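Trainee: here you go, sequence then predicted model.
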Amino acid sequence: MALELIPIGTILAVLTNQVIKTAQAAKDVLFEKDSFRVLSKHLFDIEPVLRELQLRELNDSQAVRLALESLEANVKKANTLVEKYRGRSRFYLLIKCRHIVKEVQQVTRDIGQSLAALSLTNAEVLTEISEQVDRLQNEMQRVELQTSRSQLQILDRLDQGIKDQKSDQAFANDILEEIAQAVGVPVEPSEISKELQSFRKEKEEAASRKERAEELFLGQVIELLSRADAARDYEEVKSRYLQRVQVIEKYGSQEYIPPLNAFTCPINGTVMVDPVSLPTGTTCEKAAIEGWLEQGERTDPETGEFLHETSLRSNIRLRQSIEEWRELNYCLGIRSCRAKLLSGFDQLMDEALAQMRDLMREDSVNKDWVSIGGLIDTTIDILGSSHNKDVKKEVLVTLKDAVEGHARNKEQVIESKGWDLIVPCLGRDSSISKAGVTLLYELLQDRSGWNVPTCRKLSEQSSAILFLVTLLRGSARESAEYAKKILNKLIEMDKENISRAARSGWYKPLIDCIVQGPDSSRISAAKSLIDMELVDSSLEVIGKEGIILPLLEMITGNLEAKELSLSALVKLLSCRANKELLATAGGVPRVIKVMVDPQERTFIITRCCEVLGKLTSEGDGIRFIVDGNGSPLELDPILAKLLEFQMARNTSQSVLKPTLHTILAICKPEPELVKKAVMTASGISAILPLLDESDSDIREVAVSLLFHFSQHEPEGVVEYLLRPRRLEALVGFLENDNNGEVQMAAAGLLANLPKSEVGLTMKLIELDGLSVLIKLLRSGKMQAKENALSALFRFTDPANIESQHVAVGLGLYPLLVNLLRVGSVTAKARAAALIGNLSLNSTKLSISTKPSRLCFCFRPRVPLCPAHGGVCSVESTFCLLRANALSYLVELLGGEVQETAYEAIQALSTLVRDGPMNRGASVLHEAEAIKPALEILTWGTEPLKEEALKFLEKVFQSKEMVELYGSSAKLLLASITGRNIHVDGNLGRAATNVLALIERYSKSSTSIIPGLFA
């Protein structure tokens, strides 16, 4: 019906509905949404204009009707355009996107022009909305639509691929994935198959429209995309393989079918891939004949006939025959590979694996066919069974080729036992591990990047991260790069892998998490660090990476952060290098500030005490108790606070332990602090009750502290030990062979107690304390032996012969003599002093020995002691001669060690203390003890020289000794007196006394020792 017969109002109503319908439809186009959205918006903006015109009385003029007719025609064009592309293949829409954008742009502009014409014919009617209409029609006429840059890049790559006749599967996979992502199609075979089917229909429609150029182009695109993995119909590929396998059965054991002559290009002599025919009927490889013609040749390359026409036509039937021939040979190759792989011979297996790789590189369809033919499963079996490392490496390389860019093969390897066989290969030698990690990396990839489910599966492999970390830290750079990429992805995907990597020796992610991560990550990383078993070298690495300062910062956080950071610091401080890092970072004052805060929770104080305990452990004492500048902190308040914890009734064992250890570590090298702790902080009263604690560690540290404190306040300790069961506990510490430190402290504690407490001595004997001390001399550490020797003085007191007998009866004497020989300087000195104590009673015990009542003629001849003049033995008279101690004591005299020489000369002095002096002096002379005693006057300290002079004064009571040593002694004594016999001072007076003796006896030349002057 002509518009002239239709009322203006009806035309406007119909047109308005058409605009709304088209605008709505434009919103629903699946591709080039931006362009169609612009069109839709403008159409929606026209609607109110048309409705306004319906409310007004328009001039029913020819110009108005023509303007409406133009607008209606252009809206119909827009609607046709929308309908044209609304249900089309999305692949097709992308291919045509340049053209679509131009079409949408043009129809938008056309509608804008029609709207402008309508506005001019109704200017007086549209006065109120003229500004709105003018703006709208100007926008539409000037609209500029563009295809997105990413879409243009895809089209450019696609065009170039078709131009270059790219036939490799990798390119097809990539371009198909890009197209699918651009149009919103999942890269799944089922979805891609549907889209390609729809795309093929577009080609068929182009053919029906006789659009040859578009038909050809679409066919080329389809051919290219069909090579991609996702575009293949697996069942069709499988069916084709099985058909080819049936055909090759008639070839028996033949491994290769030679090509027909027709398959060979007459120009280059090779089997053709893309055969094209000349008008003469000769078929050549397309690239070869194009090159032939480009060189100016105009003859048929096979017949020599002149070419009047050079058009080329694809020889599809021949190409299909060639493809079939190739596929038959592929199947023969696969059959041959299977036989070689199953042969069990390494050489044949190597050949088969190389042949498999060649097949897959020649045609991507063989990736499917080697799988369908069972070669992948067989190859995986060989990986598990072969002991030849070269075969293993070749298997890994072949599997990598088989799965590269092939989702189905990846899934087959991952779901089979291949996964469990590949991961251990990461721990083999460099060639196998490199091939293994390369394969593993490929298995973890999909078309969109990382395959997250597969990565999660890898995380579940207990050894995977350990092997990857080993590769990362190894010398093979390429393997390390792959390992790092995989590890980073595993960590990104699951933060638990941070701790797994750290447990395997890669600490950087854990450290990064604590150094720069958010609070939640820091807390998680700190927990992981605390739970890990780390050796010193690992702790040192972690400390050097800068983890300590962030941990110190966490101390100011919430309770959880505070406890975890302190616990992590405790762990790190097991490495000495980290102690210095903590001290340098100013961490010690921070920790102490938290520890002394009266509002702080007990478990936080416990951690602070543990930090201080670690800082002061391993003999470091107060070295690291410093501020950030390295200046020592004031220790008195710290020690007072620690002792305060001990005295608090409600202090838990978790606080007691670390504080005790810290107190001990601080007090050991600082005697003045010990004194202050005892005198001002009631150290003894704070520590004594801890001996009753149920925890053995607390009791043992308490004993060690009491050892130090008892030097300043022994009486309180004695009173405590004499209570029921206290002394038994102390003896128990002496018997603790598993802790030499505790034995040493317990023995030292006994040594510090007053020797005058006879009741304590006898109680110890009764409780076998004496025998335990003697046992320590046999098997204890040297420090424990030294303290045990000090403790034994109370049992060798010359005034208590009874206890001396008990001690010697328990085997003390031989142990003392042995220590003279092999002990430390302190042990030698104390052993000599103990021998001196025993020897003091030897003369008295020798004289009191009753003679036998037997008749003289029947009395056995017992040799008399040359020193004591009676019958002596070790057990009865404590004789040092019978104990064979004399030579070792003399040896100590000449060692020029003040401490041992002093005690040795006192012990030797007991031989000339009582009874006839000549006897003891003669023994000393025969033992060559006089000369080293004289030499002491040249090197000894003043107290030692005094003892030497006392000794010589007794020796020179013997005229014979004066005659033997007087001359040499005079010179030495004169050097002390300065040749002035009226010298003041103890040393001078002693020297003068000895000189006087020498002068008195030197006038006599009679000797009572036979042969003395021979």
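Mentor: Nice, thanks for sending it over.
Trainee: can you pull out the strands in the chain?
Mentor: Remark: strands assigned in the chain by DSSP state E are 275-277, 283-285, 313-314, 445-446, 449-450.
Trainee: tell me the strands beside the last one, with direction?
Mentor: Sheet pairing for strand 449-450, assigned by DSSP bridges, gives strand 445-446 (antiparallel).
Trainee: model confidence for the spatially closest residue to Asn315 that is not a sequence neighbour, exactly?
Mentor: The shortest distance from Asn315 to any residue other than its chain neighbours is 4.3 Å, reached at Pro275 (Cβ to Cβ, 6 or more residues apart in numbering). Backbone N, C-alpha and C define where each C-beta goes, glycine included. Predicted confidence (pLDDT) for Pro275: 92.
Trainee: pretty sure Pro275 contacts Thr282?
Mentor: No - using Cβ atoms under 8 Å, Pro275 is not in contact with Thr282, being 10.3 Å away.
Trainee: which one's more surrounded, these two?
Mentor: Using other Cβ atoms under 10 Å as the criterion, Pro275 and Thr282 rank with Pro275 on top: 24 against 17.
Trainee: quick one, what contacts the more buried one?
Mentor: 265, 283-286, 314-315, 318-319, 322 (Cβ atoms under 8 Å, 6 or more residues apart in numbering).
Trainee: so it versus Asn388, what's the distance?
Mentor: Per Cβ to Cβ, to the nearest Å, Pro275 is found 44 Å from Asn388.
Trainee: count the neighbours of Gln160 for me.
Mentor: Neighbour count for Gln160, taken as other Cβ under 10 Å: 12.
Trainee: list the contacts for it?
Mentor: No residues are in contact with Gln160 under the rule Cβ under 8 Å, 6+ apart.
Trainee: could you measure from it over to Ser148?
Mentor: 18 Å.
Trainee: over to Asn79?
Mentor: With the distance defined as Cβ to Cβ, Asn79 ends up 25 Å from Ser148.
Trainee: which one of the two has more residues nearby?
Mentor: Shown here are Asn79 and Ser148; by other Cβ under 10 Å, Asn79 has more neighbours (19 against 14).
Trainee: list the contacts of the residue nearest to that one when sequence neighbours are not counted.
Mentor: Using Cβ to Cβ, 6+ apart and skipping the chain neighbours, the partner closest in space to Asn79 is Thr22 (4.3 Å). Neighbour list for Thr22: 43, 75, 78-79, 82 [criterion: Cβ under 8 Å, 6+ apart].
Trainee: again, 6 Å this time
Mentor: 43, 75, 78-79 (Cβ atoms under 6 Å, 6 or more residues apart in numbering).
Trainee: nearest to His805 among those?
Mentor: Nearest to His805 out of the contacts of Thr22 is Leu43 (Cβ to Cβ; 124.8 Å).
Trainee: wait, doesn't the closest one sit right on Ala23?
Mentor: Yes - contact criterion Cβ atoms under 6 Å: Leu43 and Ala23 qualify, at 3.5 Å.
Trainee: more neighbours: which of the two?
Mentor: Just comparing Leu43 and Ala23: by other Cβ under 10 Å the higher neighbour count belongs to Leu43, 26 against 23.
Trainee: now do the contacts for that one.
Mentor: Leu43 neighbours (Cβ under 6 Å, 6+ apart): 19, 22-23.
Trainee: Pro754 and Gly87: what is the separation?
Mentor: As judged by Cβ to Cβ, Pro754 and Gly87 stand 110 Å apart.
Trainee: ok, Arg699 next?
Mentor: 89 Å.
Trainee: tell me which of those two has more neighbours.
Mentor: Between Arg699 and Gly87, Arg699 has the larger neighbour count (other Cβ under 10 Å), namely 19 against 10.
Trainee: and the helices in the stretch 401-550 of the chain?
Mentor: Along the stretch 401-550 of the chain, the segments classed as helices by DSSP state H, counting those that start in this stretch run 407-415, 418-425, 430-443, 452-459, 464-472, 477-493, 496-503, 508-516, 519-531, 536-544, 548-554.
Trainee: about what we covered before: and which of the contacts of Leu43 is nearest Glu563?
Mentor: Using Cβ to Cβ, the contacts of Leu43 come closest to Glu563 at Ala23, 64.3 Å.
Trainee: hmm, Phe44 and the closest one touching each other?
Mentor: Yes - with contact defined as Cβ under 6 Å, Ala23 counts as touching Phe44 (4.7 Å).
Trainee: how about the strands of the chain, which one is nearest Asp110?
Mentor: Across these, closest to Asp110 is strand 313-314 (Cβ to Cβ), at 41.5 Å.
Trainee: what about the closest one, distance to the chain center?
Mentor: In terms of Cα atoms, centre = their mean, to the nearest Å, the centre of strand 313-314 is set 65 Å apart from its chain centre.
Trainee: ok, that strand: who's next to it in the sheet?
Mentor: Strand 313-314 is paired, per DSSP bridges, with strand 275-277 (antiparallel).
Trainee: tell me the spacing between Leu15 and Ala63.
Mentor: 16 Å.
Trainee: so between those two, which is more surrounded?
Mentor: Leu15 (22 against 13).
Trainee: re the thing from before, which of the contacts of Leu43 scores worst on pLDDT?
Mentor: Among the contacts of Leu43, Ala23 has the weakest pLDDT, 74.
Trainee: mind listing what it touches?
Mentor: 40, 43-44.
Trainee: include distance to Ser475 when you put the contacts of Leu43 into a markdown table, please.
Mentor: Formatted as a markdown table, the contacts of Leu43 follow (distance: Cβ to Cβ, whole Å):
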| residue | distance to Ser475 |
| --- | --- |
| Val19 | 73 |
| Thr22 | 69 |
| Ala23 | 67 |
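Trainee: of these, closest to Val535?
Mentor: Ranked by distance to Val535 (Cβ to Cβ), the contacts of Leu43 are led by Ala23 at 72.9 Å.
Trainee: low pLDDT regions in the stretch 501-650 of the chain?
Mentor: Within the stretch 501-650 of the chain, the stretches with pLDDT under 70 are 648-650.
Trainee: thought Tyr888 was touching Leu820?
Mentor: Yes - using Cβ under 6 Å, Tyr888 is in contact with Leu820, at 3.8 Å.
Trainee: break the chain into its domains for me.
Mentor: 8-147, 150-231, 374-493, 505-598, 916-1005 (the TED database).
Trainee: how about those in TSV, adding distance to Ser842?
Mentor: As requested, those are exported to TSV (distance: least, Cβ to Cβ, whole Å):
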stretch	distance to Ser842
domain 8-147	116
domain 150-231	103
domain 374-493	71
domain 505-598	52
domain 916-1005	10
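Trainee: between these, which gets the lowest average pLDDT?
Mentor: Among the domains of the chain, domain 8-147 scores lowest, at a mean of 74.
Trainee: from Pro424, how far out is Ser462?
Mentor: In terms of Cβ to Cβ, Ser462 sits 11 Å off from Pro424.
Trainee: same drill for the two, tell me which one is more crowded.
Mentor: Pro424 (17 against 9).
Trainee: the nearest residue to Ile801 once chain neighbours are set aside and Ala63, how far apart?
Mentor: Spatial nearest neighbour of Ile801, chain neighbours left out: Asn841 (5.8 Å); criterion: Cβ to Cβ, 6+ apart. For Asn841, the distance to Ala63 equals 150 Å [Cβ to Cβ].
Trainee: go on, Met356?
Mentor: 79 Å.
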